[in-house]
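Student: What would the 3D arrangement of this be:
(3 chains)
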Amino acid sequence: MWQKKILGWYYINKRTLPWRLKKNQNFYRIWISEVMLQQTQVSVVIPYYKKFITKWPTLELFYKAELEEILKIWQGMGYYKRAQNLFKAKELLKNRQEKIVISSNDLKKLPGVGDYISCAISAILKDEPCAVIDGNIKRVLIRVFGLKNNDKLIKKQVKEISKKLTPLSENGNYCQSLMDLANLVCKAKKPNCQICPVFYVCQTKGKFESKKTIKKICKKISVAFYTYNKDSILIDKTNNNLLQSLYCFPLSDFRENKENFIEEDFLNKTVNDWMSKNNLQIPYQYIGEIVHKFSHFQLKVLIVNIRLKNKFKFKNYKWLKKIELSEKPVSSLMLKIMKKVEC
DNA sequence: AATCCGGGGTG
DNA sequence: CACCCAGGATT
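Tutor: You can find the predicted model right below:
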C-alpha cells in the first residue's frame, strides 16, 4: 500500500529539522517555518528560523513585534512580502484574541497563508486529511503517475491524485514523508531511484526528460543616488518600486536595458531629471555599478555620489545617520550598493 | 486561469 | 549561466 510504503521509509530516513522538534510543534512555530520555507531552501531557512523564534519564542511575544523588527530578522532571505504578510496576520490574530482554530479553511483566511501552508499546518498539527501539495510533492506525483508536465490540466490532475492518496490518519507524517522523499530521493535533477520505496509503482522510473525551456532574462537598469551631508544619508521612504518599509537610497525607475542602449546617456538624463525634480543643480560623481538578480529579471544599478552642503528638505526622502541605517532593514540589493559606496 | 511578486543558493 | 526551492496574491 502506498501510504504504508511511504511512511515506513520516512520513519527510518526522515530529516532532523528544527521545526520538527517536539518543542516546536505548535501553531506559531510551524507557521513561521512554513512561511520561511516558501520558495526558500531548507538550509537557508534554518538559521533564520532559529533567530526568529529566539527573538519571539511565542505568538504572544510575537504580537509585540514591529514590522521593521520582523524585516530586520528577514533581511537577506528575500521575498520580503512574506514578512509583511506575517505582520498583517499576527496583527489580525492579536486584535481578534479568539483562540486560533487550526483547520485548513480557517487558516487560509490569514494573509500569506494559501492552499499549501494552510493544509501543511493543519496536517502537521492536527492530522487533518487535506491534500498537501507543494512543488516537490507535485514532482513526485507527476513522476510516479507518469503525468505530462506541460499539460494544462496538470494542476487539477495532481490535486485529484493527491486527494485520493491522502490518508485519513497520520496525514502529518505522510505529507512530511513525501517532502523528504522528494528532497532525498525523488530529487529534481538526479533522482536516486535505487533506494526509492515506491519504485515498484513508479511509471517514470528515472527515465524522464529534463525540460529545457530557454527563458530570456529581462535586463533592466536604474540609477541609485548616494546623497549625503556629513554623516547623514538620504533615504527613500516612499519608494513604490521596492517593498515599502525596507530602507533604500533614492532609486530611479527601472528601464529595460536592451541592446543599442547607451548607458551613459541614460545616466546623464536620469541624474539631470532627478536633480531638477528635487531643485538641485550640482555636480555628481559616478561611483560604479552593481548587478542584482531578482526573481524575474536582472537589474544593473549605476551609482552616483552626490555631496550636499546642507541637509535640504526633500519631498519624498528623509535624512538618516549612517549609524542609524546600519540597524534598519535593507534588501540584498541595497547591501550591494552600500558596499560599493563604502557606507 | 494566467500572471506577477521586483530572491537567493547551487553546480 | 541554468536551474531549483515546503507559493500566495492579484487580475
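Student: contacting residues for whichever residue of the stretch 1-150 of chain A sits closest to DNA strand C?
Tutor: Residue nearest to DNA strand C within the stretch 1-150 of chain A (CB to the nearest atom of the strand): A:Gly114, separated by 2.6 Å. Where you see a C-beta, it was placed from the backbone N, CA and C, and this is true even at glycine. Contacts of A:Gly114 were listed using CB atoms under 8 Å, 6 or more residues apart in numbering, and they are A:Lys108.
Student: Show the pLDDT at it.
Tutor: The predicted local distance difference test score for A:Gly114 is 94.
Student: Equivalent analysis for A:Lys156, please.
Tutor: Looking at A:Lys156 specifically, the model assigns a pLDDT of 88.
Student: Next: A:Phe254.
Tutor: The score at A:Phe254 is 87. That number is its pLDDT.
Student: Nearest spatial neighbour of it, chain-adjacent residues omitted?
Tutor: Distance criterion CB to CB, 6 or more residues apart in numbering; nearest residue to A:Phe254, sequence neighbours excluded, is A:Lys220 at 4.2 Å.
Student: What is the neighbour count of the one you found?
Tutor: The criterion is other CB atoms under 10 Å. On that basis, A:Lys220 has 16 neighbouring residues.
Student: Three-state assignment for it, please.
Tutor: Using DSSP: H, G, I helix; E, B strand; the rest coil, the structure places A:Lys220 in strand.
Student: residues in contact with it?
Tutor: Counting by CB under 8 Å, 6+ apart, A:Lys220 touches A:254-257, A:297-300.
Student: rerun at 10 Å
Tutor: Applying CB atoms under 10 Å, 6 or more residues apart in numbering, one finds that A:Lys220 lies in contact with A:253-258, A:294, A:297-301.
Student: go on, A:Lys277?
Tutor: A:314-316.
Student: Within reach of DNA strand C, which of those residues are there?
Tutor: Of the entries in the contacts of A:Lys277, none also sits close to DNA strand C under the rule CB under 7 Å from any atom of the strand.
Student: For chain A, what lies in contact range of DNA strand B?
Tutor: A:39-41, A:43-44, A:76-81, A:152, A:220, A:239, A:241-243, A:253-254, A:292-297, A:331-333.
Student: which residue packs closest to A:Leu147, ignoring adjacent ones?
Tutor: Residue nearest to A:Leu147 in three dimensions, not counting chain neighbours: A:Gln157, with 5.6 Å by CB to CB, 6+ apart.
Student: Next, the contact list for the one you found, please.
Tutor: Listed by CB under 10 Å, 6+ apart, the contact set of A:Gln157 reads A:141-142, A:145, A:147-148, A:151.
Student: My guess is A:Leu93 contacts A:Leu110. True?
Tutor: Yes - with contact defined as CB atoms under 10 Å, A:Leu93 and A:Leu110 form a contacting pair (7.7 Å).
Student: could you pull out the helices for the stretch 51-200 of chain A?
Tutor: When assigned using DSSP state H, counting those that start in this stretch, the helices of the stretch 51-200 of chain A occupy the ranges A:59-62, A:67-74, A:81-96, A:104-107, A:115-126, A:135-144, A:154-165, A:171-184.
Student: elements contacting the last one?
Tutor: Looking back up the chat, that one is helix A:171-184. Secondary-structure packing of helix A:171-184 (3 or more CB pairs under 10 Å, 6 or more residues apart in numbering; DSSP states H and E): helix A:2-13, helix A:115-126, helix A:135-144, helix A:154-165.
Student: one step back: so what sits opposite the residue nearest to A:Phe254 in the bridge?
Tutor: Here A:Lys220 shows beta-bridge partners A:Glu256, A:Leu299, assigned using DSSP bridges.
Student: OK, contacts around the residue of the stretch 1-150 of chain A found nearest DNA strand B?
Tutor: Using CB to the nearest atom of the strand, the point where the stretch 1-150 of chain A gets nearest to DNA strand B is A:Gly78, with a distance of 2.6 Å. Each residue near A:Gly78 by CB under 10 Å, 6+ apart is listed here: A:39-40, A:44, A:294-295, A:331-332.
Student: Worst mean pLDDT across the helices and strands of chain A, which element?
Tutor: Considering only helices and strands, the least confidently modelled element of chain A by mean pLDDT, DSSP states H and E is strand A:255-256, at a mean of 88.
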